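> Model the structure of this input:
(one chain, ligands or ions: 2)
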Amino acid sequence: MSDEKLVLAVNSNKNSDANSVLASLIPSQHSLYSLVVSLSAFMMPVSLNAQSNAQSNAQMLTVDNIQAYFSRANIISGPTIVDCTLSGGSKSSCFQITVKAGPSSHDFGPWCPESVSDSAESGGIWLENGEVNDVDGAFIQNLATFYSDSNWQLYNPETGEINVTNTFEKCDGAAKPDVEPEYQQHCVECLNDYLNEDASITYTIPLSPIRTASTSRTNTSGAGVAFNGIRLDGSAPVDAILGNYTLAPFDDCGGHINLNVGYHYHAATDCLTDTSVDTNEGNAIGLAMDGYWILARRLSDGSIPDNLDQCGGHTTEALGYHYHAGDPGSNAILGCLTAETGCVSSKPGQVCDASASSRGPGGGGNRPDFSSAAIKLGVSENVLIQALGRPPLDLEKAAEQLGVTASELQQALAGE
Ligand SMILES: [Zn+2]
Ligand SMILES: [Zn+2]
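Ligands and ions are numbered 1, 2, ... in the order given. Coordinates of the predicted model:
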């Protein structure tokens, strides 16, 4: 198998590389997609046919097995086979599905408790240092100690009431990296009702993965899509969230909602088991944006494979190369991607050219398109890159230098 001959480049922390900083700055939360959450499609078992296909031939996707794998997603259209241009410029064949990416197979929420006396039942989870913490009232009350920063004050000390972004406007102002100042010191949650009912998300994923010489990050297109149709996202932008004295908890299934992406996961939990596909290594929970399978963290016997690469992948005889999701506490469903990625879009039927967003200085990878961003902002590419400077990146400062607002800068970099 040619895959195995490829040696993956180590995805080192390129701290002097403005590109990688930007890639991490532009979280997938701030992306183009609006989703709707819908509550249909319940509890149909995955067909045996899907299971046997999974075991015999993991990487040759066909319309039939894709249909079976996603049988419990809220599919609006597809799967169809389309021509696509992958992130590395390869022309390939992809499958395309358009879904309403709601939590079709499990309940969702709650996220924020209302009072410091609330129990864990009233809140979700927060990931820190590899640990999954229950967000109960006491956790919110204890944030100043938890983060060794006395500025944390998410609740009214007299009444014990927690500041929650409990309206559309508040969610809109807070559930993004550049949190509006008035929504600092809030527990951030957005509800299903706030999403546009007609919106959908279209995934275009290669039928057969094309390996890349170096790995790419999951920030742009996300890690993949779960078989329940919900986005398996890149890492949550924890620094931006905490830097604004906000907390954006995930529900117990590892998901939360924002207005751009809808409901999405930042952790792969047992909630995905219901819609998974059996393999000889246990549950396959979804497909990565590069076309490889994503399996649950643990094998059927409860063990964790010990030969995973930095992206979470390895090769076995039965399944070929595939990923195992990160620990729920890791804030990384996948550490990175090892093959060229397809597209994810809020516009159904759009032709996928994933290479378009990765052109620019340096070339390759999932990263912002500086030249179009510069054009949008009316500056030269060099001026833009200089303003962004060396890490840690200060969005406000860079925006000021460029004479634009932070959100204009962010939108330009996100290709909006
Ligand atoms: Zn998120
Ligand atoms: Zn495996």
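
> And the pLDDT at the residue lying farthest from the centre of the chain?
Residue farthest from the centre of the chain, counting by CA atoms, centre = their mean, is E158 at 37.5 Å. E158 carries a pLDDT value of 97.

> which SS class is it?
coil (DSSP: H, G, I helix; E, B strand; the rest coil).

> swap in A138?
helix.

> CA atoms only: put stretch 184-203 into PDB for me.
Extracted in PDB, the C-alpha atoms of stretch 184-203 (Å, rounded to 0.1, in the frame of the first residue of the first chain):
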ATOM      1  CA  GLN A 184     -17.300  39.400  28.600                       C
ATOM      2  CA  GLN A 185     -17.800  37.600  31.900                       C
ATOM      3  CA  HIS A 186     -20.600  35.500  30.500                       C
ATOM      4  CA  CYS A 187     -21.300  31.800  30.200                       C
ATOM      5  CA  VAL A 188     -21.900  31.600  26.400                       C
ATOM      6  CA  GLU A 189     -24.600  29.500  25.000                       C
ATOM      7  CA  CYS A 190     -26.700  29.600  21.800                       C
ATOM      8  CA  LEU A 191     -29.900  27.800  21.300                       C
ATOM      9  CA  ASN A 192     -31.300  25.800  18.400                       C
ATOM     10  CA  ASP A 193     -34.100  28.300  17.900                       C
ATOM     11  CA  TYR A 194     -31.600  31.000  16.900                       C
ATOM     12  CA  LEU A 195     -30.600  29.200  13.800                       C
ATOM     13  CA  ASN A 196     -31.900  29.800  10.300                       C
ATOM     14  CA  GLU A 197     -34.400  27.100   9.400                       C
ATOM     15  CA  ASP A 198     -33.500  26.900   5.700                       C
ATOM     16  CA  ALA A 199     -29.800  26.600   6.200                       C
ATOM     17  CA  SER A 200     -27.900  23.500   5.400                       C
ATOM     18  CA  ILE A 201     -24.300  22.300   5.200                       C
ATOM     19  CA  THR A 202     -22.800  20.500   2.200                       C
ATOM     20  CA  TYR A 203     -19.800  18.200   2.700                       C
END
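
> Ramachandran angles for the residue nearest to L259 when sequence neighbours are not counted?
In this structure, L259 finds its nearest non-sequential neighbour in D172, 5.9 Å apart by CB to CB, 6 or more residues apart in numbering. Where you see a C-beta, it was placed from the backbone N, CA and C, and this is true even at glycine. Main-chain dihedrals, D172, degrees, to the nearest 10: phi -60, psi -40.

> Any figure for the gap between the closest residue to T269 other than its chain neighbours and T215?
Spatially, and ignoring its direct neighbours in sequence, T269 is nearest to G254 (4.5 Å; CB to CB, 6+ apart). For G254, the distance to T215 (CB to CB, to the nearest Å) stands at 23 Å.

> picking that back up, how many neighbours does the residue nearest to L259 have?
For D172, the count of nearby residues is 16 (other CB atoms under 10 Å).

> How about S87?
Neighbour number of S87 under other CB under 10 Å is 30.

> cool, and P157?
9.

> follow-up on the earlier one: in terms of neighbours, single out the busier of G254 and T215.
G254 (26 against 22).

> Which residues lie in contact with the more buried one in this structure?
I125, Y265, H266, A267, A268, T269, C271, P328 (CB atoms under 8 Å, 6 or more residues apart in numbering).

> Please report which of these has the highest neighbour count.
Y265 (31 neighbours).

> Next up, phi/psi of it, please.
Dihedral pair for Y265: phi -100, psi 140, per degrees, to the nearest 10.

> what does the stretch 51-200 of the chain have sitting close to ligand 1?
By the rule CB under 5 Å from the ion, no part of the stretch 51-200 of the chain lies against ligand 1.

> any low-confidence regions in the stretch 51-200 of the chain?
51-59, 101-104 (pLDDT under 70).

> residue ranges of the helices in it, please?
63-69, 137-141, 143-146, 168-174 (DSSP state H, counting those that start in this stretch).

> Pick the most deeply packed of these.
helix 137-141 (a mean of 21; mean count of other CB atoms under 10 Å).

> Just the residues contacting that helix, thanks.
Around helix 137-141, the neighbours that count as contacts under CB under 8 Å, 6+ apart are 113, 115-119, 122-123, 126, 133, 146, 154-155, 160, 162, 187, 247.

> Just the buried ones from those residues?
Among those, those scoring as buried are 113, 115-116, 118, 122-123, 126, 133, 154-155, 162, 187, 247 (criterion: 16 or more other CB atoms under 10 Å).

> Excluding chain neighbours, what is closest to E180?
Distances taken as CB to CB, 6+ apart place G173 nearest to E180, at 4.0 Å, with adjacent residues excluded.

> shouldn't the one you found be in contact with V179?
Yes. G173 lies in contact with V179 (CB atoms under 8 Å); the separation is 7.2 Å.
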